[in-house]
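1. sequence plus the predicted model coming up.
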2 protein chains.
Amino acid sequence: MTAKTHTISDLAREFGVTTRTIRFYEEKGLIHPLREGQKRLYSNADRVRIKLILRGKRIGMTLRECVEFIDMYDPEHNNAEQLQSLIDDVKSRRERLLQQKRDIDDMLSGLDEVQGLCEESLARSHRKKLAHT
Amino acid sequence: MTAKTHTISDLAREFGVTTRTIRFYEEKGLIHPLREGQKRLYSNADRVRIKLILRGKRIGMTLRECVEFIDMYDPEHNNAEQLQSLIDDVKSRRERLLQQKRDIDDMLSGLDEVQGLCEESLARSHRKKLAHT
DNA sequence: TTTAACGTTTACGTTAACGTAAACTTGGGC
DNA sequence: GCCCAAGTTTACGTTAACGTAAACGTTAAA
């Protein structure tokens, strides 16, 4: 079984970004695709990393933060000290995420209100129209 | 009853930003504080706007998006056409927010996993220590 | 064989969101 | 009267995250 690889434009299409973006991520050390001669070959692991990067960006993380987040998954934690600092990182990350969720929920409530007012207003002008006939 | 106002450094302290940031927001047309001679006087409405801006920023909105979002609240919607486009805006905004919530939930699950592995690993090394005595 | 589609490197340009510094005014405390 | 803290304007600097353009290699189809 040969591991499936992807070209750069495959991934660009799939994720709705430009090839420039993907090369930029490599330049910044976020991904490390293999090479076949000059050409880059992206493994499925590379693909997943890109996906995780874009997910991070959607909620406003910088690229640096995205890597930091992704790197929490792989074990560079040898001793207990590093483990503890990782746990601390996890904790503060979680708090930030929860704050963001609260922010989003507040904004969603706001949208509900606005939409309610809109529909009400539309309904009113609709009744007016009918009465006018 | 005199409406309470705030100085620029009051608000900077309250929100943990610099005065430069607040002036920058004004320069960009996001807020419009009154003046007492040269000095800016911030009403409570100004304060709220800043709060909403910072909330938007926390989930990765640009300043432009923040204004757009805030402006949905006040009624510049006279005719039915504008009303409908506002409703459309609300819809797409809601979808983006929901996607962000999904992203956050996924990341929170990831953090749970990482933390689990950490604690497990810590527990193991702790048992090892005990066995060594 | 040429051309079209895809790939590459190198490098300069751009936008957003402030930081930082200089130079000035202004109101209150000693 | 003097000084200091807080305010002001003006303007150049900085970082992130790409966009855009030039100039070039490769391969498969017409």
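-> Yep, it's here.

2. enumerate the residues of chain A near chain B.
-> Residues of chain A lying close to chain B by Cβ under 8 Å from any Cβ of the partner chain are A:55-61, A:69, A:72-73, A:75, A:77, A:80, A:83-84, A:86-87, A:90, A:93-94, A:97-101, A:103-104, A:106-108, A:110-111, A:114-115, A:117-119, A:121-122, A:125. No exception for glycine: its C-beta is placed from N, CA and C like everyone else's.

3. which of the residues you listed count as buried?
-> A:55-61, A:69, A:72, A:77, A:83, A:86, A:90, A:93, A:97, A:100-101, A:103-104, A:107, A:110-111, A:114-115, A:117-118 (16 or more other Cβ atoms under 10 Å in any protein chain shown).

4. so which of those residues belong to helices?
-> The helices, defined by DSSP state H, take in A:55-58, A:69, A:83, A:86, A:90, A:93, A:97, A:100-101, A:103-104, A:107, A:110-111, A:114-115, A:117-118 from these.

5. ok, and of those residues, which contact DNA strand D?
-> A:Lys57 (Cβ under 7 Å from any atom of the strand).

6. any stretches of chain A with poor pLDDT?
-> Along chain A, segments meeting pLDDT under 70 span A:1-2, A:132-133.

7. need the residues of it near DNA strand C, please.
-> So chain A meets DNA strand C at A:7-10, A:19, A:23, A:38-40 (Cβ under 7 Å from any atom of the strand).

8. ok, which of those residues also contact DNA strand D?
-> Within those, those near DNA strand D by Cβ under 7 Å from any atom of the strand are A:Gln38.

9. need the residues of chain A next to DNA strand C in JSON lines with secondary structure and neighbour count, can you?
-> Compiled in JSON lines, the residues of chain A next to DNA strand C are given as follows (DSSP: H, G, I helix; E, B strand; the rest coil; neighbours: other Cβ atoms under 10 Å in any protein chain shown):
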{"residue": "A:Thr7", "secondary structure": "coil", "neighbour count": "14"}
{"residue": "A:Ile8", "secondary structure": "helix", "neighbour count": "19"}
{"residue": "A:Ser9", "secondary structure": "helix", "neighbour count": "11"}
{"residue": "A:Asp10", "secondary structure": "helix", "neighbour count": "12"}
{"residue": "A:Thr19", "secondary structure": "helix", "neighbour count": "14"}
{"residue": "A:Arg23", "secondary structure": "helix", "neighbour count": "15"}
{"residue": "A:Gln38", "secondary structure": "coil", "neighbour count": "5"}
{"residue": "A:Lys39", "secondary structure": "strand", "neighbour count": "10"}
{"residue": "A:Arg40", "secondary structure": "strand", "neighbour count": "20"}
